[in-house]
Structure formats: C-alpha cells, structure tokens
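Trainee: could you work out the structure for the sequence below:
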Amino acid sequence: MATEQSTAVDAPRGWGATLRSWDAVVILAVVLVAIVGSLTIDGVSSPRFWRFVTIEMIPIALIALPMTFVIITGEIDLSVASMLGLSATVMGQLWFLGVSSLPLLIAMCLLLGASLGAVNGTFVTVFGLPSLAVTIGTLALYRGLAYVVLGDRAVANYPVAWTRQVISPIPGTTIPWFIMVVVGLAVVFGVVLHATPIGRGLYAIGNNVDASSFSGINVARTKFWLFVITGMVSALAGVYWTLRFASARADNGVGLELSVVAAVLLGGVSIFGGRGGLVGVLAAVVLLGVLRNALQLAYVPANTLTIVTGSLLIASVVGPNIVAMARQRLRQRRSAAPPVAGA
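Mentor: Down below sits the predicted model:
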C-alpha cells in the first residue's frame, strides 16, 4: 500500500466532527434506502427483515473494526475471510476430535487467528513487504490450509444450544444478542481511535510514516499488532459463522473480504490512509446489509448483487475524494476572493 497521502487529508476527528462530513452522507443513505425499500418492497419494514440484516452484518461489522485501523495506517488485509474460514475448519476439526468445551474452542480459535495475523504482520513489518501482496498470498494460503484440515467435509453436529445461542434474540426484540458483542467492541475501538494517543498515532502513521517514526511512534510494532488483532477478530467471526450456520466448512466466508473492504472505504476511510472514522464505517455496514437484503426480497439475481457491491466499492474510493477536492477548491476560491468594500 502506498504510504503517501493525497492532498485531501483530514486531521484525526472526534465523534462530533465525524458526523459532519462523509459519515453524514452514509447515514442519510441508510435512512433513504430503508424508507424507499419499505415503500416499494414487501417485507422490508418487518421486524423479521431487520433481524436477518443484523444476523448477516455481524461478521462484516466485526472484521470492519480492525480493518479500519489497518487501512488508516496505509495498509490492508485481504486474508480476513480466509482466516475466518481456517478458524472455522479448525473449530470443526477440534469438535470432531472430541474437544467439547465451547469456551476452549473459542480460545483456541482466537489464538489461531492471532497467529495467522502475526504471520501477515511479520511479512509486512519485519521483511518490509507490501501488505497488499502479502495478504493476497495468505488469502490463498489460509484458504488452502482450510481445505487441508477438512477437505470437502462439513462438521455440523454441534449442540443445538450452541447454534441457537448466537442468534437468539434480545428479550423483547427480534435482534440477536450477539450484536451486543459488536457494539461493545465498536465502543472500545471507537474510544481508542478517536479519544486516545494511540488513535492519533494511527492517523499520523497513515499521513506520514517517516514523520511518525521521528516523533517517537514505533510504526512497525503498531502495524504488527494491528494485523494480530485483525486475525483474532476474524477468528471470532469464524466462530460466529460456524455456529450461525451450524456447519464448519472450508469455504466458510468466501468473498467476505470484498464486503468488509467495501464497508470500510464506503464509510469514508481513505485507501491511502490517514483519514476516516468508525461512525461512517458502521453506517456503511448497515447500508450494505439493508441494500443487499432488500434487493434479495425484490428477487434480484445474485450476480447483480455482486455488481452492486463492486459499484459501491468503486464509489467509496471515488466519492470521498471528490467531496474533499470540492471542499479544497471552495476554500481556495474563498481565500482568493477580493474583500468586500466597506467591510
């Protein structure tokens, strides 16, 4: 990934400032899509629809949290879906071999995810390889290892209590309780990014790596741990995916990295690093979930849904830059305007 930043670089923003820019556009888009969908497509306004939207967007939202940090520093991790799949297959194989404790299975999967992320981080920070090339390679490597673990088999004989637990609703609602895990992690990630020196350091790294190093930030260590955390959260998403579908397969989560990257970039995080925030990213996750499920209710073919996701990914890269360029030109015109007579 390039470490040079475009001309439109924002300073680290707080929760209030982040709501006044591209994030507000994404939030407005969520509202408009929900309203239009409710008026034109049967079922969009039902609680059942929003339950399925929430269930589907949970793994995307989980992985989008650390991915936001990674991209803000000017890197990327395209192996997240493969880490999800490999964690799912290892969980299935361990269960097949007799490991019957869910907490132990989760802990082992998280440790595996951290190790996979550490491999990515080592190649990027120790050997100085570009994260794009590294994670494309490990995308294939980790998925291949998933097929080595389980092959074409599926492990699906989990206790019903486990599989029901992750999608059981919050009392009095149709929303699955696991969304509270996402909310809790989002608060932690949001506070770290927007209200701590660590977050300011991440923006500094994305804006200028050399200046960050001279200012005392350990860039390599920071990026390494970001990849480790991304691996752990991807593994957690793998556990959720396995229990949600009550099946561990080597192809679990295939293609999910496209939705994650699309959500992060659509949420206003610059692909060049140094700009963005979690409010817009989470809003983009909801937008993609509502749009995809609404189109499915309208019997839109799956290929068209992929085209829509790809189009939004392109728009997420182009849109914020166009907005930033327009603001810069407006500021230049205002500064170049002659003073008003008598002012």
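Trainee: now the host helix or strand of residue 162 - C-alpha only, CSV.
Mentor: Using DSSP states H and E, residue 162 sits within helix 160-165. Once non-C-alpha atoms are left out, helix 160-165 reads as follows in CSV (Å, rounded to 0.1, in the frame of the first residue of the first chain):
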residue,chain,number,x,y,z
VAL,A,160,-28.4,-27.1,19.5
ALA,A,161,-27.8,-24.9,22.5
TRP,A,162,-24.6,-23.5,20.8
THR,A,163,-26.1,-22.8,17.5
ARG,A,164,-29.2,-21.2,18.9
GLN,A,165,-27.3,-19.1,21.3
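Trainee: quick one, phi/psi of residue 155?
Mentor: phi -100, psi 120 (degrees, to the nearest 10).
Trainee: how about the contacts made by it?
Mentor: 92-93, 95-96, 247-248 (C-beta atoms under 8 Å, 6 or more residues apart in numbering). Placement of C-beta: from N, CA and C, glycine included.
Trainee: rerun at 6 Å
Mentor: Residue 155 makes contact with 92, 96, 248, according to C-beta atoms under 6 Å, 6 or more residues apart in numbering.
Trainee: tell me the bridge partners for it.
Mentor: residue 248 (DSSP bridges).
Trainee: show me where the stretch 201-343 of the chain has helices.
Mentor: All helices of the stretch 201-343 of the chain, identified by DSSP state H, counting those that start in this stretch, fall at 209-214, 219-245, 256-266, 278-297, 302-336.
Trainee: save the ones you listed as JSON lines, and put in mean pLDDT too.
Mentor: Listed next are the helices of the stretch 201-343 of the chain as JSON lines, based on pLDDT from 0 to 100:
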{"stretch": "helix 209-214", "mean pLDDT": "94"}
{"stretch": "helix 219-245", "mean pLDDT": "98"}
{"stretch": "helix 256-266", "mean pLDDT": "93"}
{"stretch": "helix 278-297", "mean pLDDT": "94"}
{"stretch": "helix 302-336", "mean pLDDT": "79"}
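Trainee: which stretch among those is buried most, on average?
Mentor: helix 256-266 (a mean of 25; mean count of other C-beta atoms under 10 Å).
Trainee: quick one: it to helix 219-245, angle?
Mentor: 120 degrees (axes from the mean of the first three to the mean of the last three C-alpha atoms, to 10 degrees).
Trainee: in the helix holding residue 162, what counts as buried?
Mentor: Within helix 160-165, the residues that count as buried by 16 or more other C-beta atoms under 10 Å are residue 163.
Trainee: what does it contact?
Mentor: Residues outside helix 160-165 that contact it (C-beta under 6 Å, 6+ apart) are 102, 243, 246.
Trainee: of those, which is the nearest to residue 277?
Mentor: residue 243 (30.7 Å; C-beta to C-beta).
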